[in-house]
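**Q** Here you go, sequence then predicted model.
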Amino acid sequence: MHTVETVLLVLMIGAVTGIIARYIRAIPLPLIQIMLGAALSWPQQGLHIDFDPGLFMLLFIPPLLFADGWRIPKREFFALYRPILRLAFGLVLFTVIGLGYLIHWMIPEIPLTVAFALAAVISPTDAVAVSAITRNLGMPAHTMHVLEGESLLNDASGLVALKFAIAATLTGVFSWTQVTQEFLWIALGGLGVGAAVGWGFSYLRDTVTRRLGDVAATQMVLLLVLLPFAAYLLGEKIGVSGILAAVAAGVATNFGDLNRADYISERMQTAGTWAMVESAFNGAIFLLLGLQLPSIIGVTLRDAGHDWWILVGYVAIISIALLALRWIWLMLGVSRSLHKAHQAGKLIKKPDLWLNLATTLAGIRGAVTLAGALSVPLLLNNGQPFPARDMLIFLATGTILFTLVIGSIGLPLVLRRVQAVSEPESVREERQARIAACRAAINSLAMSDDDAAQQPTEWQAQQHEIEGRIAREYRNRIDLLDEERTPESAEVQDLATPDAVQERRLRYVAELEMRLNCIKVERHTIYAERHNNRINDESLRSLVQELDLSEITLRKRLEVARRAAAKQAAKLEGH
């Protein structure tokens with residue numbers, strides 16, 4: 001099959017499986033895609049794709065890690081930097097040493113340096129797999145931030161450890177001093193390159209848009225999509241971590257976005273574009289992983305004959321040991337910093353047995369592990385075959401499957417035992433921000449006495465009427481949001497009793513529902529005008545986009561209003 005046809009087929013299957021997953025919610029989307037990929041490639045005449053690790057790392061990993069770095073909450077990321085760094089770097093070293101010796105002891109035909117290489121390959125968690133499996137399972141938000149930060153950074157530490165384990169196998173020479181110096185150069189250099197690329201792009205984008213405004217939004221979004229590839233390639237070119245460069249570029253670009261509040265078109269196009277890119281690339285990664293399984297696992301087990309169960313046992317022991325080492329490190333190396341973060345208010349949920357178990361099971365391996373395993377060279381420097389290369393790839397692939405399955409089954413069960421926070425901190429902060437915005441808008445309505453005196457009396461009366469109508473709308477929203485507000489402190493006197501408060505809220509909900517229905521009627525009418533050729537396609541798109549924006553805003557307000565009305569109803573029933 002030609003490359004273009006293969007790419008189109010993989011993208012199409014990824015989209016179809018995303019739809020299927022909406023109906024089969026019991027099975028996580030990554031597992032559906034892996035199983036489908038394996039089914040497509042298993043027959044003799046099935047779909048077979050040569051997996052190029054270098055090309056895979058270039059095409060798929062940078063944009064996904066850039067998007068994660070761009071999206072991750074920076075405040076929480078920097079507030080929780082201690083546990084994140086201890087997981088991203090300390091746990092990798094702990095895993096490489098502990099698991100490396102275990103593998104060599106259990107399978108003596110695997111040399112110690114190769115055992116370290118295998119441990120390095122399976123040490124980093126996969127950012128894509130972690131977010132795909134844990135999404136919508138009720139993982140506490142701050143714990144999820146720690147997991148995301150860990151998976152963003154530990155790819156670099158795992159791949160650096162793999163590089164030196166392979167070098168030690170090829171040359172027979174190993175130096176801790178050289179490893180430390182090389183690691184610092186690769187890690188800090190990658191972060192520096194990514195930050196420079198991200199800040200440089202932000203500066204150039206601001207320079208251009210100050211002159212052109214938002215009319216160049218489409219071109220800016222295209223350049224933003226290409227940015228992670230530029231950061232990755234530049235980092236790899238100068239010998240530092242391209243992965244960390246892509247992550248740092250995403251973080252730096254997000255900081256630049258904080259000064260671009262006025263560029264609405266660019267912001268909306270960026271959100272839509274990244275949603276599509278992430279969906280397509282995530283699907284492609286897990287499908288490609290599934291497509292490799294029959295040729296790696298199936299062939300190896302078939303060649304093993306009656307001893308296939310020994311290989312399966314190796315995979316199970318290594319995977320369980322991997323999770324056990326993660327549990328030990330969480331309890332001994334990270335627990336103290338997590339408790340300090342909780343005492344400082346940076347971590348809402350206090351670490352306990354069940355939360356530590358959930359964090360352990362969330363250590364899912366993915367496509368980066370497979371790419372690292374397949375990047376192991378075929379030959380040594382003397383021309384001899386690389387020792388136990390096929391076994392290394394088989395065990396790494398088996399570990400990916402084991403952690404995916406265990407995480408998919410175990411996490412929902414464990415998270416049911418994790419006591420949920422009554423109201424997430426982000427929800428409270430969002431509510432307070434909405435209240436502050438509404439009050440600032442009300443304060444901005446009043447004209448100064450000098451400006452009002454210069455206008456005709458009729459104009460002043462009309463202006464006061466408009467101000468009053470807009471102010472009432474904002475006060476309605478404040479009444480819904482401010483739960484600490486007492487009836488005595490309300491600006492409007494009819495809020496004298498809790499029943500009156502609830503009645504007012506229900507009226508506001510009904511008003512928002514009516515406005516949404518009117519928008520739907522408007523949209524259908526505009527489409528009817530186009531069907532009757534009274535407007536052209538350009539006018540259709542412009543008018544519909546305007547209505548879509550209004551509907552998005554009203555739907556969000558209706559969601560907040562319904563939630564506030566439901567809380568008030570529960571309070572009234574309790575009394």
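**A** Here it is on my side, so go on. Numbering: from 1, shown residues only.
**Q** Bridged to residue 379, which residues?
**A** Counting by DSSP bridges, residue 379 forms beta bridges with residue 385.
**Q** and it, how many neighbours does it have?
**A** 11 (other CB atoms under 10 Å). For the C-beta atoms, the positions are set from N, CA and C on the backbone; glycine is no exception.
**Q** And the pLDDT for it?
**A** Residue 379 carries a pLDDT score of 83 in this model.
**Q** what's the distance between it and residue 70?
**A** Note on residue 379: its distance to residue 70, by CB to CB, to the nearest Å, is 40 Å.
**Q** One more: residue 477?
**A** Relative to residue 70, residue 477 is positioned 30 Å away (CB to CB).
**Q** So for these two, which residue has more residues nearby?
**A** Using other CB under 10 Å, the more surrounded residue of residue 477 and residue 70 is residue 70, with 23 against 20.
**Q** ok, that one - contacts?
**A** 250-251, 253-254, 274 (CB atoms under 8 Å, 6 or more residues apart in numbering).
**Q** could the residues you listed be laid out in a markdown table, adding neighbour count and distance to residue 481?
**A** A markdown table is the format used below for those (neighbours: other CB atoms under 10 Å; distance: CB to CB, whole Å):
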| residue | neighbour count | distance to residue 481 |
| --- | --- | --- |
| 250 | 27 | 32 |
| 251 | 22 | 31 |
| 253 | 24 | 31 |
| 254 | 17 | 27 |
| 274 | 19 | 29 |
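**Q** can you list those residues in a markdown table and add secondary structure, pLDDT and distance to residue 214?
**A** Formatted as a markdown table, the contacts of residue 70 follow (DSSP: H, G, I helix; E, B strand; the rest coil; pLDDT from 0 to 100; distance: CB to CB, whole Å):
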| residue | secondary structure | pLDDT | distance to residue 214 |
| --- | --- | --- | --- |
| 250 | helix | 92 | 22 |
| 251 | helix | 91 | 24 |
| 253 | helix | 92 | 18 |
| 254 | helix | 88 | 19 |
| 274 | helix | 88 | 18 |
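**Q** Touching, residue 291 and residue 36? I think so.
**A** No: applying CB atoms under 8 Å, one finds residue 291 not in contact with residue 36, separated by 9.4 Å.
**Q** which of the two has more neighbours?
**A** Higher neighbour count among residue 291 and residue 36: residue 291, with 24 against 20, using other CB under 10 Å.
**Q** That one belongs to a strand?
**A** No: Residue 291 sits outside any strand when classified using DSSP: H, G, I helix; E, B strand; the rest coil, being helix.
**Q** And it, how close does it get to residue 56?
**A** Residue 291 sits 12 Å away from residue 56, going by CB to CB.
**Q** Residue 145: what's its closest spatial neighbour, skipping adjacent residues?
**A** Spatial nearest neighbour of residue 145, chain neighbours left out: residue 76 (4.4 Å); criterion: CB to CB, 6 or more residues apart in numbering.
**Q** can I assume the one you found is in contact with residue 143?
**A** No: using CB under 8 Å, residue 76 is not in contact with residue 143; the gap is 10.4 Å.
**Q** residues contacting the residue nearest the centre of the chain?
**A** Of all residues in the chain, the one closest to the mean position by CA atoms, centre = their mean is residue 68, 4.6 Å from it. Neighbouring residues of residue 68 by CB under 8 Å, 6+ apart: 127, 131, 148, 151-152, 247, 250.
**Q** Which one of those is nearest to residue 405?
**A** Among the contacts of residue 68, residue 131 lies closest to residue 405 (CB to CB), at 17.4 Å.
**Q** Quick one: residues contacting the closest one.
**A** Contacts for residue 131 (CB under 8 Å, 6+ apart) come out as 68, 148.
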